[in-house]
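Participant: Sequence below, structure please.
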Amino acid sequence: MSEASRHIPAEWKATDAPDIDWPAVANLGNIIRHVYQRVDLDILWSVYEDDLGPLEAAIDVMTERHFPEPPSGSEP
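Facilitator: Numbering: from 1, shown residues only. Next up is the predicted model:
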């Protein structure tokens, strides 16, 4: 998730999901990989419970807007 967020175009982030703290999403992976001994499990659990829903909704918006499904019956 952290690494994938780095590959989302900045324009999409700004227009489709401006309320997401994208630098924090990108940085979370660095913290977990490199400073794991200082990771507060309560904070990590809070991210899981509170922040993944809005992030998923933002990705859904981007997917629908930038990768619409082809009409039914059309060739891929």
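
Participant: next one: the helix or strand containing Pro54 to chain centre, how far?
Facilitator: Per DSSP states H and E: Pro54 is located in helix 52-66. Mean C-alpha position of helix 52-66 versus that of the full chain (CA atoms, centre = their mean, to the nearest Å) differs by 8 Å.

Participant: again with stretch 27-46
Facilitator: The chain centre lies 16 Å from the centre of stretch 27-46; the measure is CA atoms, centre = their mean.

Participant: Next, the buried residues of it.
Facilitator: By neighbour count with 16 or more other CB atoms under 10 Å, stretch 27-46 contains the buried residues Leu28. No exception for glycine: its C-beta is placed from N, CA and C like everyone else's.

Participant: Please save the CA atoms from it in PDB.
Facilitator: The C-alpha coordinates for stretch 27-46 follow below in PDB (Å, rounded to 0.1, in the frame of the first residue of the first chain):
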ATOM      1  CA  ASN A  27       5.900   7.000   4.800                       C
ATOM      2  CA  LEU A  28       4.100   4.300   6.800                       C
ATOM      3  CA  GLY A  29       6.000   1.600   4.900                       C
ATOM      4  CA  ASN A  30       9.300   3.200   5.700                       C
ATOM      5  CA  ILE A  31       8.500   3.300   9.400                       C
ATOM      6  CA  ILE A  32       7.300  -0.300   9.500                       C
ATOM      7  CA  ARG A  33      10.400  -1.500   7.500                       C
ATOM      8  CA  HIS A  34      13.100   0.600   9.100                       C
ATOM      9  CA  VAL A  35      11.900   1.700  12.500                       C
ATOM     10  CA  TYR A  36       9.700  -1.300  13.400                       C
ATOM     11  CA  GLN A  37      11.100  -1.500  17.000                       C
ATOM     12  CA  ARG A  38       9.400   1.900  17.600                       C
ATOM     13  CA  VAL A  39       6.000   1.100  16.000                       C
ATOM     14  CA  ASP A  40       3.200   1.700  18.400                       C
ATOM     15  CA  LEU A  41       0.800  -1.200  17.900                       C
ATOM     16  CA  ASP A  42      -2.100   0.900  19.200                       C
ATOM     17  CA  ILE A  43      -1.400   3.500  16.500                       C
ATOM     18  CA  LEU A  44      -1.100   0.800  13.800                       C
ATOM     19  CA  TRP A  45      -4.400  -0.700  15.000                       C
ATOM     20  CA  SER A  46      -6.000   2.700  14.800                       C
END
